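[1] no sequence on hand, only this structure:
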């Protein structure tokens, strides 16, 4: 054998002699035969207890399923109940309340904007009415449609709305549908009678 270099790490790999020496070390020397027997007995008892607990659990799960069947509790009803509980929890959360308050404020500001828009349009129509254009049947028909649309939007979006319902897009869509169902009463000759 060659003398080994002194250092933190040995540079040479283990030889067969070293490996044999390691395998001959008896790691169980610290445990007496009596302690080994006690450990084996404890291990057997633990395995028996685990087996018993598994049987008890299986029995209880079976009984749990039977009771649910008798009570008419289905997986779908449980899912609904969990969803309802989650929905209630979400509604009581701080984030939901803040979002709700923000949307309410936005709705109020939108209503105010439409009110201002309606007032501006009404003033403009008043100005136009004083001109000769305001006397034409086509202008009056258009004016009525716009006023009806603004009134519809105000009633559906406004804070004191009886229906107080739908979202902004639904209200605009219903107002557009209502005004598009009215057929225009003007003809080509009427529009040429009063040029803008």
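    Structure received. Predicted model only: the values in this text are computed from it and were never measured.
[2] scan the chain for its longest helix.
    Ranked by number of residues, the top helix in the chain under DSSP state H is helix 33-71.
[3] buried sites along that one?
    Residues of helix 33-71 classed as buried: none (neighbour count, 16 or more other Cβ atoms under 10 Å). Bear in mind the C-beta positions are built from the backbone N, C-alpha and C, glycine included.
[4] now it: mean pLDDT?
    Mean pLDDT, helix 33-71: 94.
[5] show me what secondary structure element comes after it.
    helix 75-91 (DSSP states H and E).
[6] mind showing which ranges of the chain have poor pLDDT?
    Scanning the chain for pLDDT under 70 picks out 1-29, 128-136, 157-196.
[7] angle of the longest helix of the chain against helix 75-91?
    90 degrees (axes from the mean of the first three to the mean of the last three Cα atoms, to 10 degrees).
[8] so who does residue 90 touch?
    Residues in contact with residue 90 (Cβ atoms under 8 Å, 6 or more residues apart in numbering) are residue 96.
[9] tell me the helices and strands packed up against the host helix or strand of residue 152.
    Residue 152 belongs to helix 137-157 when elements are defined using DSSP H and E. Applying 3 or more Cβ pairs under 8 Å, 6 or more residues apart in numbering; DSSP states H and E, one finds that helix 137-157 makes contact with helix 94-130, helix 168-181, helix 188-193.
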